[in-house]
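K.L.:
next come a sequence and a model predicted from it.
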Amino acid sequence: MVHIGRPSHIPAKDLDLIIPLPQDDYPPGPNVLKVAWPLNGARLTPKPENTEHQRHAGTIVMYGGPSRHFRMGLAETRRLLTFARALAHANQEPLHIITSPRTPPEAVAWMQEQMKICGAILHLFQSDEDLFGSFLKTGNRFVVTADSASMLAEAWRSCAPVWLFPLPRRQTVMSRLQQGVDALGLRPLRYWLIRRGVLGSGANFTHWHRTLVSSGAIRCADLHLSEQDLRWAPLRHQADTDLMRCRGRILALPDLLSGGGPELTAPLGHEGPSLTKALL
């Protein structure tokens, strides 16, 4: 049994392999495989690097919305638009903003008014169009709001420069309690209880985002950066080995060799079957 994502109140010993997502605050263990990115857009073979001639669309903003973990209102939208305009201007590129299913109607209405002033182009989410996929192939650089780990992963796998736009965290009673327990030095006990299925685990987007920024994979949006800073691009795109590592660990499971084979359970909705096919 292979579990993709963090298992909730399931003893770790009941699973052959656990593949938590990088934002998941799940304890390490011999049957836990940590990945650097969510598996959206992951490939078993390296992505061709000679695609610069295809990138002509300009600066692309991937706009999410409020989530369980982040707040996102008009104040954040104003700051995002200010940064995106400065980024596009510094690189002499057109500016496109594409919304998501979570984008609030009031944010859409406000941005529609602003587009008349700043000259950017707003693209509303349409489930029957692959505008998102098209921009991944043609965008020169991306700004991704911090609420969406999936959009961040797909933008990074495009091999174009990616800017993370930070958002204020949404604190809950459970997240405050977890932080308090960890502050008292009781994280090992909390992890012990999680591995035994007594407690559920949460997410820690902040730790994951800081890891990505410190590694040089992405940069954090800042309204006070110079034009030279805004022309940043990574010197070399880091190797994407997540899917290959997952495939290797799954194929190495003892039961797989005996003919039974693992059954992938993916609490990620529609991504499960396609991921299973890609892995095996």
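P.N.:
Great, that's in hand. Numbering: from 1, shown residues only.
K.L.:
every contact and neighbour count from this point should use C-alpha atoms.
P.N.:
Noted.
K.L.:
which residue ranges of the stretch 101-250 of the chain form helices?
P.N.:
For the stretch 101-250 of the chain, applying DSSP state H, counting those that start in this stretch gives helices covering 105-118, 131-138, 149-156, 173-183, 187-195, 205-215, 227-230, 242-251.
K.L.:
so which of those comes closest to residue 72?
P.N.:
helix 105-118 (9.4 Å; Cα to Cα).
K.L.:
from the chain's centre, how far out does the closest one sit?
P.N.:
25 Å (Cα atoms, centre = their mean, to the nearest Å).
K.L.:
just checking, what packs against it?
P.N.:
Packing partners of helix 105-118 (3 or more Cα pairs under 8 Å, 6 or more residues apart in numbering; DSSP states H and E): helix 74-90, strand 121-123.
K.L.:
circling back to that earlier point, quick one, which of the helices of the stretch 101-250 of the chain is packed in tightest?
P.N.:
Stretch with highest mean neighbour count among these: helix 149-156 (a mean of 21; mean count of other Cα atoms under 10 Å).
K.L.:
next, the angle helix 205-215 makes with that helix.
P.N.:
Put simply, helix 149-156 runs at 10 degrees to helix 205-215, going by axes from the mean of the first three to the mean of the last three Cα atoms, to 10 degrees.
K.L.:
can you offset everything so residue one is 535?
P.N.:
Got it, the first residue is 535 from now on, which makes the last one we talked about helix 683-690.
K.L.:
hmm, who's touching helix 683-690?
P.N.:
Contact with helix 683-690 is made by 557, 571-576, 596, 670, 676, 678-680, 696, 698, 751-752, as judged by Cα atoms under 8 Å, 6 or more residues apart in numbering.
K.L.:
any of those residues buried? List them.
P.N.:
Buried members of the contacts of helix 683-690, counted by 16 or more other Cα atoms under 10 Å: 557, 571-576, 596, 670, 676, 678-680, 696, 698, 751-752.
K.L.:
in strands only, show me the contacts of helix 683-690.
P.N.:
596, 676, 678, 679, 696, 698 (DSSP state E).
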